[in-house]
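Asks: okay, structure incoming, though there's no sequence with it:
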């Protein structure tokens, strides 16, 4: 595609972020439209995966599931997600962000709608497995999109913005699903939310291209995006990535911290119903508060490291300082299981979720800090697979603990310590956060 003439090109009429989010006011802002598309894609993703948590009590009543049956559904989702992370990350690196993301969006939207046809634990297991496998493409595609459209100094902030869609999706599901269930039945909740993927697909295919191919990306914005990046071609073999220490840094961080987020998503609605006596129609507001707080943590965590780096701090110090602060925010959740007041528990969980989101925004950004763009999708896929395997383990732990004791004490204690342990291991493995050797090839 021919590059537009910067003298005649019109800038995008869409509003950009505040001036503090860009390095120079004269630089174009179309990349923030791309950020918005990534945000809405992640929001849709988390609406689909979180419906099951909202309907846990309803489906257990209607279909006769116990706690272990429910945990097995989570394990099926996580197992497929783990496999999918490995394969879809590679797939997106090969086929490209635009078409790769579109394909996985179509498949997971169809899988979500397919839940409406399920009548047994087995059929739900099949639907959850397909959903998990296809939903795994969202983060490899999103992080790769950020690496293509944003310079390093903006990546953590941008990742924090689109990653906040995880919380928005988790908010929207308990707000709208109970209404749909009451008026139309639980099957319609899967049909309606699944169909939203086809709505998202239209602007994605219209607007997403690589910046060097995009008529709406001005010459000055392209120069700003690419000034600390190199033009890359080809792909990187898995065997090469597995041999890189930086791959293990990212994967270990995901293995230790992703399971805590899965725990929040799949069990916090049940915790509120079980511990504080809420009904299906009453969980919307507490969940909204939890994930509104977590949204602030996602954006703030990314902003902190980006702001430190813009002020001259090294990438190593900026990322790790932000991650340490976020890890400390999670520690008080150790007491959530024993507080008697609903809103005290909600605040503790919300602050911990905010800590996770800020930590996650910076952890995701490490992949694009340490690896060239051509390898980012595959690295995120490997790390996501590790996180999903961790999610499978915590699903079984939580399922059996609840079946045997009825207490959330053990899961909350695990959550409180996971992030500090992860950060300590990351620092031990890479005290200076050096880029992979692939970055210089």
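Replies: Arrived safely. Here the structure is a predicted model, which means the values were calculated and not measured. Numbering: from 1, shown residues only.

Asks: residue 293 sits in which helix or strand?
Replies: Here residue 293 is covered by helix 284-310, with elements defined by DSSP states H and E.

Asks: surely residue 28 and residue 215 touch.
Replies: No - using Cβ atoms under 8 Å, residue 28 is not in contact with residue 215, being 11.8 Å away. Bear in mind the C-beta positions are built from the backbone N, C-alpha and C, glycine included.

Asks: who's more crowded, these two?
Replies: For residue 28 versus residue 215, neighbours defined as other Cβ atoms under 10 Å are more numerous around residue 28 (23 against 12).

Asks: for the more buried one, phi and psi?
Replies: phi -60, psi 170 (degrees, to the nearest 10).

Asks: grab the nearest non-local neighbour of it.
Replies: Leaving out its chain neighbours, the residue that sits closest to residue 28 by Cβ to Cβ, 6 or more residues apart in numbering is residue 221, at 3.3 Å.

Asks: pretty sure that neighbour sits against residue 33.
Replies: No - under the criterion of Cβ under 8 Å, residue 221 makes no contact with residue 33, lying 11.3 Å away.

Asks: so for these two, which sits in the more crowded spot?
Replies: Neighbour totals were compared for residue 221 and residue 33, and residue 221 leads with 23 against 20 (other Cβ under 10 Å).

Asks: list the buried residues for the one helix or strand the more buried one maps to?
Replies: Per DSSP H and E: residue 221 is located in helix 219-226. By 16 or more other Cβ atoms under 10 Å, the buried positions in helix 219-226 come out as 221, 222, 224, 225.

Asks: over to stretch 67-76?
Replies: Buried positions in stretch 67-76, judged by neighbour count with 16+ other Cβ under 10 Å: 67, 69, 70, 71, 72, 73, 74, 75, 76.

Asks: quick check: which element contains the nearest residue in space to residue 367 that is not next to it in sequence?
Replies: In space, and not counting its chain neighbours, residue 367 is closest to residue 379: 4.8 Å by Cβ to Cβ, 6+ apart. Per DSSP H and E, residue 379 falls inside helix 373-405.

Asks: what helices or strands is that helix leaning on?
Replies: Counting contacts by 3 or more Cβ pairs under 8 Å, 6 or more residues apart in numbering; DSSP states H and E, helix 373-405 packs against helix 67-95, helix 138-149, helix 238-242, helix 245-276, helix 342-370, helix 409-429.

Asks: can you redo those helices as TSV with mean pLDDT?
Replies: Formatted as TSV, these follow (pLDDT from 0 to 100):
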stretch	mean pLDDT
helix 67-95	86
helix 138-149	88
helix 238-242	80
helix 245-276	89
helix 342-370	91
helix 409-429	95
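
Asks: which one, of the ones you listed, ends up nearest to residue 320?
Replies: Nearest to residue 320, of all those, is helix 409-429, at 6.5 Å by Cβ to Cβ.

Asks: for the helices and strands packed on helix 373-405, which one ends up most surrounded?
Replies: Highest mean neighbour count among the helices and strands packed on helix 373-405 (mean count of other Cβ atoms under 10 Å): helix 138-149, with a mean of 28.

Asks: tilt between that one and helix 219-226?
Replies: Counting by axes from the mean of the first three to the mean of the last three Cα atoms, to 10 degrees, helix 138-149 lies at 120 degrees to helix 219-226.

Asks: for residue 271, see how far away residue 193 is.
Replies: Relative to residue 271, residue 193 is positioned 23 Å away (Cβ to Cβ, to the nearest Å).
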